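Chemist: Predicted model follows, preceded by the sequence.
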Amino acid sequence: MSVSEEWLYVWLKRHVRAAGGELLGGQPPSGTDHLPVIEIKDPLSLDRGSKSAFKPDLVFLLGKTLFIAEIKPRYSAADQEKQSGLLASEGRIQRFWEEVDQRELRSQEIGKVSDARGYLELAAALAFEGVAPPDPNLWLLCSDRGTFTFLPPTTREVS
């Protein structure tokens, strides 16, 4: 069965809410949503506006982990590279936190998200239908028709 990015986006949002998580931001594949768009600018291209900016598909809080997720119908090596690059760039991470602060993203549990920066674990994730080998840096959010399994950067499973 082939699924669309839109379908996975909706099902991941439902999964996060059902698991007690909070949706904070997103860029849905088909247009608009009630969530604010988070734009992570390239620190080397700040004078170029949105050029080279990264807009994650979904930003959510689950427990003490703040996820920056990219969603594709199938595993994407290009998104894996993009997400790994995000984690490796202190400048991009700084721009992410500045965007979270500027947008005044709030959690019902912790209040202003940027104020909890030292308390939260920042995690980059890939969400897709199917499975892939574990990644040493990224969370893999593997879907089986809308039921997600969260695989951390180790091999143990968390749901």
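Modeler: Thanks, I have the structure now. Numbers count the residues shown, from 1 in each chain.

Chemist: for this protein, what are the low-confidence residue spans?
Modeler: Under the criterion pLDDT under 70, the flagged ranges of the chain are 1, 32, 45-52, 155-159.

Chemist: Could you point out the longest strand of the protein?
Modeler: Across the chain, the longest stretch assigned as strand under DSSP state E is strand 121-129.

Chemist: Next one: the nearest residue to I68 once chain neighbours are set aside relative to D144, how far apart?
Modeler: Closest residue to I68 apart from its sequence neighbours, by Cβ to Cβ, 6 or more residues apart in numbering: P56 at 4.7 Å. Backbone N, C-alpha and C define where each C-beta goes, glycine included. P56 sits at a distance of 23 Å from D144 (criterion: Cβ to Cβ, to the nearest Å).

Chemist: Please apply the same query to V131.
Modeler: Counting by Cβ to Cβ, the gap from V131 to D144 is 8 Å.

Chemist: Let me see the ranges of the helices in the protein.
Modeler: 5-18, 77-88, 90-102 (DSSP state H).

Chemist: which one of those helices is the most hemmed in?
Modeler: helix 5-18 (a mean of 18; mean count of other Cβ atoms under 10 Å).

Chemist: Any chance you could list what contacts it?
Modeler: Residues outside helix 5-18 that contact it (Cβ atoms under 8 Å, 6 or more residues apart in numbering): 22-23, 26, 28-30, 57-58, 60, 62, 69, 71-73, 127-129, 141, 143, 146-148.

Chemist: what about 10 Å?
Modeler: 3-4, 21-24, 26-31, 33, 35, 57-58, 60-62, 67, 69-74, 125, 127-129, 141, 143, 145-150, 159 (Cβ atoms under 10 Å, 6 or more residues apart in numbering).

Chemist: correct me, but G91 touches F54?
Modeler: No: G91 is not in contact with F54 according to Cβ atoms under 10 Å; the separation is 11.8 Å.

Chemist: shared neighbours of those two, which are they?
Modeler: Counting by Cβ under 10 Å, 6+ apart, the contacts common to G91 and F54 are 40-42.

Chemist: If you rank the residues you listed by neighbours, which is first?
Modeler: Among those, the one with the most neighbours (other Cβ atoms under 10 Å) is I40, at 24 neighbours.
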